[in-house]
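> output the structure for:
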Amino acid sequence: QQIRHAVTAARNADELLAELEQELQTLAAADPETLDTTLLILTEVMGDFLDFHFFLAEADAAIKRLELDGVIQIASLHPRYEFAGSDADDIDNFTNRSPYPTLHLQREASIERTVEAYPDTDRIFENNIETLRRLGREGWDRLGLAKPADDR
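Numbers count the residues shown, from 1 in each chain. Model prediction:
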């Protein structure tokens, strides 16, 4: 009940930045017991991974401009997510893939609570990669999950 799913109709980076700033302010102003995290889902913009990647610098600048640095951080998900130095089809990339480009706005206080409850949080990421490697690309494809959306 504490997760907001916001689907943006933004069609360019300027419109997206304006909506992102509004979502950041909404999350910051909300009671964490009511709203703790937001998934901003981009259905019409940022289909190209490099555009999305470069937009993240603007998103981080918005956090600083709104004086939310240390309060909210953004995790990124994309249908074509690719870690630096990896091949596009490397199964490790799938830990950050989603059907649509998505900005996950997270309260840092929530992340801190997670770290307190599960001190070895790096192990979560490592377990995800190990699971994907065991599954392999063929196993992933059989699941029918997170097919890349068309470029927008």
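> next, Leu105: secondary structure please.
Look at Leu105: counting by DSSP: H, G, I helix; E, B strand; the rest coil, its state is strand.
> ok, it - how many residues close by?
Residues near Leu105, counting by other C-beta atoms under 10 Å, number 24. For every residue, glycine as well, the C-beta is placed using N, CA and C.
> tell me which helix or strand the residue lying closest to it once chain neighbours are set aside sits in.
Of all residues not flanking Leu105 in the chain, Thr38 sits nearest, at 4.2 Å (C-beta to C-beta, 6 or more residues apart in numbering). If you go by DSSP states H and E, Thr38 is part of strand 37-42.
> and the residue nearest the centre of the chain, how far from Gly144?
The residue lying closest to the centre of the chain (C-alpha atoms, centre = their mean) is Ser76, at 2.8 Å. Distance of Ser76 to Gly144, given as C-beta to C-beta, to the nearest Å: 23 Å.
> got any ranges where this protein has weak pLDDT?
Scanning the chain with the threshold set as pLDDT under 70 gives 146-152.
> neighbouring contacts of the longest helix along it?
As assigned by DSSP state H, the longest helix anywhere in the chain is helix 121-143. Residues from elsewhere that reach helix 121-143 (C-beta atoms under 8 Å, 6 or more residues apart in numbering): Asp89, Ile91, Asp92, Phe94, Thr95, Thr114, Val115, Tyr118.
> could you do stretch 51-70 as well?
With C-beta under 8 Å, 6+ apart as the test, stretch 51-70 has contacts from 13, 16-17, 20-21, 24-25, 28, 42, 46, 72-74, 76, 78, 101, 103, 108.
> count the neighbours of Arg97 for me.
Neighbours around Arg97, by other C-beta under 10 Å: 19.
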